[in-house]
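Participant: predicted structure and sequence below. I'll ask about it afterward.
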Amino acid sequence: MTTTEPMPTEEITDEAFDFRAYANDPDRITEFSAFNDDVTTLIHAVEDNADAIFTWGYDKGERARLDKLYEKAKVSQWNGQTDLDWSIDVDPYKVLAPADPAEVAYFAENPESPLYKLNEKEWQDLGVESMNWSLSQFMHGEQGALLCTAKIVETVPWIDAKYYAATQVVDEARHVEVFAQYLDQKLDGIKYPVNTHLGSLLDDIITDSRWDMTYLGMQIMVEGLALAAFGFMQQTTEEPLLKKLLRYVMSDEARHVAFGVLSLQEVYQELTVAELRDRQEFAFEAALQMRDRFMRQEVWERMGVDVKDMVKFTLAMPDELRIFQKMLFSKIVPNCKKLGLLDAGDGWLRDRFTDIGVIEFENWVDTADEYADLDEVAKDRALAEG
Amino acid sequence: MTILDASKHDANQHDGQPGANTAFDALLDRVRSEFDTTFTWDYERSRDGLNRLYEKAKRSQWNVSDDLDWSIDVDPERAVRLQAEATGIPAGMPARSLLDVKGSPVASWDDDKWVEFAVQAQSASLSQFLHGEQGALLCTARLVEAVPWIDAKYYAATQVVDEARHVEAFGRYLDEKMPATYPINENLKSLIDQVLRDERWDLVYLGMQVVIEGLALAAFGLMLGTTQEPLLKAMLRYVMADEARHVAFGILSLQELYEDMDAAEFRVRQEFAYEACNMMRRRTLNSELWPSFGISNAEIEALLPSQESQQRMQHLLFSKIVPNCKKLGLLDLRDGWLRERFQEMGIIQYENWENTAEALTIGDAVEPILTDAAGPVTS
């Protein structure tokens, strides 16, 4: 896999470097080669050099908030086979989340738009493809989460974190299972390989041997974005099976993000400004890759639309239409703030989130405070018990 | 100095980070690892046996906090005496057989001393279970990362949470009910380290799922069969129900892999199995226990291995491993090289043990699980 050049932060001062232009450079975004050169490749190996760590401090509950999260996770397990009604018939053309009309108008009615000439049928197909693409990316991302969480079990030095992370491993397996089954049984199979930006971020997270980077990359950035994206789809789709599947997955995800916030708060308190800066840069790069992945370049390739034109046109979208793209950061930004990453040093990450237009979420509720409210599984069970 | 140091290699530090912290070294133990984490893009659940095992594991979860009665008071000394009464085996066996050995360092010990020793020996055994379960937790997480089959990743994920639960259960029992926790036995640690350092994921299966878990299943069974303490009994029964699935997982996965393995590679597995069994045999001498009684391990190593009761106990511990090695084809490969080694170790008699009534007395549950996994998939 080829990736673009890293940000030249070492050589050039922040003042001299145009982060906004860097973030919105269509060449940088499209330069990523396809993740799977050979689509028939079934295995993707990533070198992992992190130490496995035994702890001889077995004191459960030493970290009370992680302990509470572990106990909650134990009683919030659900079964992908028996807790969802797989007998529900799904018509792919009807599961579509109704897109924001203003956003559709931007792409459909503007003669400059690469989608200007699409006919009714092609718009419908685009909707079906996009849904398949989105759920495929969720599924691949969940596999990444499965591997990263297993890695956290191995590398984190706290017993309470190992316990909690173990429950997350089985959560992630369940998520891969349900997304794969939904695609396979309801949406005509898995049609899209992992997105090049998402795949590259997953590789970066796994390759880094610092255990807190696995947390930051996976628990805060990837899961934080997933939580927002699932929420968006869950609110807009009318399809009952998908709606419930997403509600249940989100109940788990909220715990996962909370786990990241609670663990990293402790770690970051002890870091130097230079070490925090490393984390800020990692968070920004990850944020960009997460945003870029929603350019859906695999869909444009399949639909025969020029990818770079599409990326350019998407980047040129007026700010007031960018509701979905911005909402994706509604969890990441407040969580970064809670971790002290926004304002560490000279507020470098605040500046970057301002550059990409998502700083407005900084005072939204953070996930460490809201995860219990998102436990839809517990709500359903309380209802069933009357 | 920050907590992040805990995760670093001594020789391979990240730029801009300070060196290792000795304060953590006392509490943490790093195992340097180099392996490939594997994504699979084939999401089809095509391995029926593993698939059934996964579905079974989902329904067999239990909760240490709720499913065990932690209000039960445990008097470890009384438990030892009750056990001796109920089983007719005096406290402190098999080490107690050294009482009859002329000039042995324990020749003067009276029954009270043996009870005291038995309490510590029980703590030591439970401590090894605890550490072994943590090793299993790390190894199973490794399997999730490295194994290339989606069905195996799913199943291994349930095992990760099983192992966390076992660490939790043994940790809590030792903390609340027993007088001491002992450090990990060096032979056990060395085997787990070797498995975690290896880049070949199937050796994780062989070392952890077949050898270490196989031995644990037998050891849990022995303890379950003798202890009269109700909380420990309940805990061991629950843990063993999980362990039986774990061993079955190892066998199902390795059977498939070994089918296509070339002879030279297969030989390496045979030798590894032997070496792992040897390490596990040495661990039964309880080297972490004797120094606290003022007795050197050298003295024990010179005397205890030749005692018949020690040998019998040691042999029983291999009653799960030998039949499973046979099932995997490891016994008879290369003119029965491993069969000969197991003969030398005096444990070959277990090769067909799983089908006997005797096996059931130590709570065997692997066979029904394997039979079940081989059956047709029902939804």
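Facilitator: On my side now, so go ahead.

Participant: mind checking pLDDT for the closest residue to chain B within the stretch 251-386 of chain A?
Facilitator: Chain B sits closest to A:Glu270 of the stretch 251-386 of chain A, with a gap of 4.4 Å, by CB to the nearest CB. Every C-beta, even on glycine, is put in place using the N, C-alpha and C of the backbone. pLDDT for A:Glu270: 92.

Participant: tell me the secondary structure at the nearest residue to B:Leu82 once chain neighbours are set aside.
Facilitator: Of all residues not flanking B:Leu82 in the chain, B:Gln228 sits nearest, at 4.5 Å (CB to CB, 6 or more residues apart in numbering or on different chains). What DSSP: H, G, I helix; E, B strand; the rest coil gives for B:Gln228 is coil.

Participant: is the top strand by length along chain B positioned near chain A?
Facilitator: In chain B, assigned by DSSP state E, the strand with the most residues is strand B:35-40. Yes - using CB under 8 Å from any CB of the partner chain, strand B:35-40 reaches chain A at B:Phe35, B:Asp36, B:Thr37, B:Thr38, B:Phe39, B:Thr40.

Participant: thinking again about what came up before, roughly how far apart are the residue nearest to B:Leu82 and chain A?
Facilitator: Per CB to the nearest CB, to the nearest Å, B:Gln228 is found 26 Å from chain A.

Participant: list the contacts of that residue.
Facilitator: B:Gln228 is in contact with B:Ala79, B:Leu82, B:Gln83, B:Ala86, counting by CB atoms under 8 Å, 6 or more residues apart in numbering or on different chains.

Participant: now the buried members of those residues.
Facilitator: Buried by 16 or more other CB atoms under 10 Å in any protein chain shown: B:Ala79, B:Gln83, out of these.

Participant: just give me the closest of the contacts of B:Gln228 to B:Met235.
Facilitator: B:Ala79 (13.3 Å; CB to CB).

Participant: now do the host helix or strand of the closest one, average pLDDT.
Facilitator: B:Ala79 is located in helix B:76-87, with elements delineated by DSSP states H and E. Averaging pLDDT along helix B:76-87 gives 95.

Participant: quick one: is the helix or strand just after it near chain A?
Facilitator: Remark: after helix B:76-87, the chain's next helix or strand is helix B:111-146, criterion DSSP H and E. Yes - Helix B:111-146 reaches chain A (CB under 8 Å from any CB) through B:Leu130, B:His131, B:Gln134, B:Gly135, B:Leu137, B:Leu138, B:Ala141, B:Arg142, B:Val144, B:Glu145.

Participant: return the distance of helix B:111-146 from the chain's centre.
Facilitator: Distance of helix B:111-146 from its chain centroid, counting by CA atoms, centre = their mean, to the nearest Å, is 8 Å.

Participant: between the next helix or strand after it and helix B:76-87, how many degrees?
Facilitator: Sequence order places helix B:150-177 as the next helix or strand after helix B:111-146, per DSSP H and E. Between the axes of helix B:150-177 and helix B:76-87, defined by axes from the mean of the first three to the mean of the last three CA atoms, to 10 degrees, the angle is 110 degrees.

Participant: elements contacting the next helix or strand after helix B:150-177?
Facilitator: Helices and strands here follow DSSP H and E; after helix B:150-177, the next one along the chain is helix B:186-197. Counting contacts by 3 or more CB pairs under 8 Å, 6 or more residues apart in numbering or on different chains; DSSP states H and E, helix B:186-197 packs against strand B:28-31, helix B:111-146, helix B:201-204, helix B:263-283.

Participant: list the buried residues in helix B:186-197.
Facilitator: Buried residues in helix B:186-197, counted by 16+ other CB under 10 Å: B:Asn187, B:Leu188, B:Lys189, B:Leu191, B:Ile192, B:Asp193, B:Gln194, B:Val195, B:Leu196.

Participant: please enumerate the strands of chain A.
Facilitator: With DSSP E as the criterion, chain A has strands at A:43-48, A:52-55.

Participant: figure out which of these is closest to A:Gly80.
Facilitator: Among these, the nearest to A:Gly80 by CB to CB is strand A:43-48 (23.8 Å).

Participant: what packs against the closest one?
Facilitator: Here strand A:43-48 touches helix A:196-207, strand B:35-40, going by 3+ CB pairs under 8 Å, 6+ apart.

Participant: centroid residue for chain A?
Facilitator: The structure's chain A has its C-alpha centroid closest to A:Val222; by CA atoms, centre = their mean the separation is 3.2 Å.

Participant: rebuild the helices and strands packed on helix B:186-197 as TSV, extending it with distance to A:Glu47 and mean neighbour count.
Facilitator: Listed next are the helices and strands packed on helix B:186-197 as TSV, based on distance: least, CB to CB, whole Å; neighbours: other CB atoms under 10 Å in any protein chain shown:
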stretch	distance to A:Glu47	mean neighbour count
strand B:28-31	17	20
helix B:111-146	12	23
helix B:201-204	14	21
helix B:263-283	22	18
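
Participant: and B:Asn51, how many neighbours does it have?
Facilitator: 17 (other CB atoms under 10 Å in any protein chain shown).
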